[in-house]
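Asker: build me a model:
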Amino acid sequence: MLRSLTVIASLTLVIAVLNVPQRAAANNTEANLSLAACPFCSAVAMTFSDQLNSNDIAVVAKLVEIPPPNDDPNADFPKAKFVIEQVLKGKKFVGDSMTFKTQLVGNYPLGQKFLVMGVDPPKVSWTTPMKASERVFKYLSDIQALPEKGPERLVFFQNYFEDKESVLAFDAYDEFAQAPYEDLIAMKDQMDREKLIGWIKNPETSVSRRRLYFTMLGVCGKPEDTQLLEELINSGSRKKRAGLDALIACYLTLKGEAGVDLIETTFLEDQEVDYVDTLAAVSALRFHGTEVDLIPKKRIVIAIRHLLDRPKMADMIIPDLARWKDWSVMERLVQMFKDADSDSNWLRVPVITYLRACPKPEAKEYIEELRKIDPESVQRADFFLGVGDSDDDWDNDESEETEKPPAVEPEKKTDEPSKADAPISNLPKNTSASQVVRKIPLPQEPAKTRIGQTFATPADALATEFDYTRTGTTETQTMAIALSEDIKLVKTAAPPNPPREAFVTQGQDVASSSLEPAPVAAVVAPNLTWQILLIPLAFSVAIFVLLWTVVNGWFERLIF
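Answerer: Below you'll find the model as predicted:
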């Protein structure tokens with residue numbers, strides 16, 4: 001049977017899947033949500049460091065016995081025998097010259113050395129052995145002595161870029177892809193600029209590594225390197241332009257504001273440019289507009305504003321215009337909303353979110369005007385932001401007009417500022433659930449769109465929600481978090497003993513002050529639970545008894 005092999009493979013996969021998010025979360029916390037070393041690429045697989053941290057044992061083992069072939073399809077998967085030659089991790093669990101057995105995939109000669117890891121000692125579950133060389137074993141031993149983070153750690157791994165041992169080259173790339181950007185900047189003086197340029201010029205360098213090398217060249221490069229970068233940008237060759245987003249970001253880092261003209265004319269003004277190339281240019285400009293303070297935001301806004309002339313791409317940059325507070329295009333966006341047809345109606349939701357973030361009073365007037373044209377788009381935008389049924393709910397504290405209880409005195413409207421940010425506990429006891437939810441601060445003031453992440457302005461919060469290039473959570477997860485928080489607030493706002501007035505509607509007394517609905521539910525629930533449990537159980541017992549009597553011949557004797 002292959003049960004043992006399946007269990008080991010599943011365990012290894014689960015450990016890998018669980019460890020990666022934890023490590024990513026830890027890196028985000030330690031770096032204070034800082035940018036990764038390469039903002040245009042990501043780790044391909046778990047690093048060796050991740051694997052060592054995920055396993056209790058790591059050893060260099062030599063193959064000493066191959067199991068004989070077995071033609072029985074029901075037999076367990078054969079296991080090969082290994083002897084431990086070096087313990088890389090877990091010396092308190094295993095020692096040199098100790099033997100163990102585990103499944104081996106492939107045909108190898110006796111004496112071949114492997115890297116084998118294990119979990120859950122003393123009954124160790126061993127992973128599938130991985131063939132490796134002495135350099136790999138030394139590499140694994142050396143990385144355990146490195147600091148957990150910092151530029152010194154990266155200096156070690158950069159020595160293995162483009163290594164002849166491909167497994168080491170991939171691992172070095174993944175280490176850089178996971179490292180904080182601050183560490184990359186700190187090792188600027190220890191980067192080998194000439195090697196980076198050589199790897200960039202090499203057409204055989206993979207796209208993912210080119211992106212990393214462009215990012216590093218942006219840190220350690222010199223002004224004269226911009227000539228090479230301009231040649232690559234103007235080449236028109238897909239192969240030379242590989243990693244275009246990182247290429248443009250590197251060029252702008254070294255060239256500064258003067259380099260925006262080339263990007264603007266080459267990728268943004270020309271409406272015939274491929275979508276992929278334009279998207280790469282926007283990604284590079286967004287990087288400089290949010291993460292690097294080298295180019296004035298006003299210049300970046302002027303550049304990306306050209307995409308408003310391309311309706312198929314305009315929705316991509318509308319959140320950026322809101323983030324950078326470019327309210328000069330409000331009237332233009334409103335007109336684009338009105339002119340949108342079935343082929344471009346996806347523009348309408350971003351336009352409404354832009355207007356929600358805009359602090360100008362006419363923005364709300366435009367929203368109501370556009371609501372009459374396409375109420376569904378406005379409703380979708382409001383749902384995403386968690387906005388109530390009308391915009392005025394954010395500016396006053398009046399009770400709802402529908403189904404207003406006659407026994408309750410309506411709230412008096414005052415000239416005081418909005419109390420949307422007041423604590424839930426300070427609200428009147430007869431406040432409805434929908435009113436409570438509407439007290440949650442949204443684009444009118446600094447908001448938290450993610451747990452633990454505060455934004456200085458509503459525009460920043462809004463644009464972050466739509467930033468699909470670098471988000472910790474998806475839009476669906478963001479809405480789910482917001483919904484769960486709303487439910488908690490509603491529960492908190494509900495008074496433990498509702499007053500009698502809460503049960504009086506339209507002059508009909510449907511409950512008394514002593515009515516407590518919770519005990520009624522407590523009486524009904526147990527009876528329903530017993531019915532659900534006992535009826536299927538009794539039916540199952542009857543079927544079981546009948547089958548058992550038939551099998552044992554009792555039923556036949558009872559009849560005859």
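
Asker: CA only for contacts and neighbour counts going forward, please
Answerer: Will do.

Asker: ok but Thr102 is inside a strand, no?
Answerer: Yes. Under DSSP: H, G, I helix; E, B strand; the rest coil, Thr102 sits within a strand.

Asker: in this protein, which spans are strands?
Answerer: Along the chain, the stretches classed as strands by DSSP state E are 57-65, 79-89, 99-103, 113-119, 125-126, 130-131, 448-450, 453-454, 504-505, 508-509.

Asker: so where's the protein shaky on pLDDT?
Answerer: For the chain, residues meeting the criterion pLDDT under 70 lie at 1-38, 41, 386-533, 548-560.

Asker: just to revisit the earlier point, turn the strands of the chain into TSV, including mean neighbour count and distance to Thr290.
Answerer: Below are the strands of the chain laid out as TSV (neighbours: other CA atoms under 10 Å; distance: least, CA to CA, whole Å):
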stretch	mean neighbour count	distance to Thr290
strand 57-65	22	42
strand 79-89	20	42
strand 99-103	17	50
strand 113-119	23	42
strand 125-126	22	46
strand 130-131	14	43
strand 448-450	18	17
strand 453-454	12	15
strand 504-505	16	53
strand 508-509	10	58
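
Asker: could you redo the ones you listed as TSV and give each row distance to Ala258?
Answerer: Converted to TSV, these look like this (distance: least, CA to CA, whole Å):
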stretch	distance to Ala258
strand 57-65	53
strand 79-89	52
strand 99-103	61
strand 113-119	52
strand 125-126	58
strand 130-131	51
strand 448-450	35
strand 453-454	33
strand 504-505	69
strand 508-509	74
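
Asker: what's the closest of these to Val155?
Answerer: strand 79-89 (22.2 Å; CA to CA).

Asker: elements contacting the closest one?
Answerer: Packing contacts for strand 79-89, counted by 3 or more CA pairs under 8 Å, 6 or more residues apart in numbering; DSSP states H and E, involve strand 57-65, strand 99-103.

Asker: save those as TSV, and put in distance to Ile263 too.
Answerer: Output for the helices and strands packed on strand 79-89, formatted as TSV (distance: least, CA to CA, whole Å):
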stretch	distance to Ile263
strand 57-65	50
strand 99-103	55
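
Asker: out of those strands, the one nearest Asp326 is which?
Answerer: strand 57-65 (55.6 Å).

Asker: okay, the angle between that closest one and strand 113-119?
Answerer: For strand 57-65 against strand 113-119, the angle between stretch directions is 130 degrees (axes from the mean of the first three to the mean of the last three CA atoms, to 10 degrees).

Asker: among the helices and strands packed on strand 79-89, which comes closest to Val334?
Answerer: Nearest to Val334 among the helices and strands packed on strand 79-89 is strand 57-65 (62.0 Å), distances taken as CA to CA.

Asker: now that closest one and strand 99-103, what's the angle there?
Answerer: Computed with the same axes, to 10 degrees, the direction of strand 57-65 lies at 90 degrees from that of strand 99-103.

Asker: on that earlier part again, and the helices and strands packed on strand 79-89: which comes nearest Arg153?
Answerer: strand 57-65 (21.1 Å).

Asker: I figured Leu88 hits Asn55, correct?
Answerer: No. Using CA atoms under 8 Å as the test, Leu88 is too far from Asn55 to be in contact (11.3 Å).

Asker: buried residues, stretch 152-164. List them.
Answerer: Using 16 or more other CA atoms under 10 Å as the test for burial, stretch 152-164 gives 153-155, 157-158, 160-162.

Asker: what's the answer for stretch 285-305, then?
Answerer: Neighbour-count burial for stretch 285-305 flags 285-289, 295, 297, 299-301, 303-305 (criterion: 16+ other CA under 10 Å).

Asker: quick check: end-to-end length of it?
Answerer: Taking CA to CA, to the nearest Å as the measure, stretch 285-305 stretches 12 Å from start to finish.

Asker: quick one: contacts of it?
Answerer: Under the contact criterion CA atoms under 8 Å, 6 or more residues apart in numbering, stretch 285-305 has outside partners 35, 249, 253, 256-257, 260, 264, 268, 282, 317, 320-321, 324, 326.

Asker: need the buried residues of stretch 285-305 in JSON lines with distance to Val59, can you?
Answerer: Formatted as JSON lines, those follow (distance: CA to CA, whole Å):
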{"residue": "Leu285", "distance to Val59": "47"}
{"residue": "Arg286", "distance to Val59": "46"}
{"residue": "Phe287", "distance to Val59": "43"}
{"residue": "His288", "distance to Val59": "45"}
{"residue": "Gly289", "distance to Val59": "48"}
{"residue": "Ile295", "distance to Val59": "51"}
{"residue": "Lys297", "distance to Val59": "53"}
{"residue": "Arg299", "distance to Val59": "56"}
{"residue": "Ile300", "distance to Val59": "53"}
{"residue": "Val301", "distance to Val59": "55"}
{"residue": "Ala303", "distance to Val59": "56"}
{"residue": "Ile304", "distance to Val59": "54"}
{"residue": "Arg305", "distance to Val59": "57"}
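
Asker: before we move on, the earlier item: between the helices and strands packed on strand 79-89, which one is closest to Ala357.
Answerer: Closest approach to Ala357 among the helices and strands packed on strand 79-89 (CA to CA): strand 57-65, 53.5 Å.
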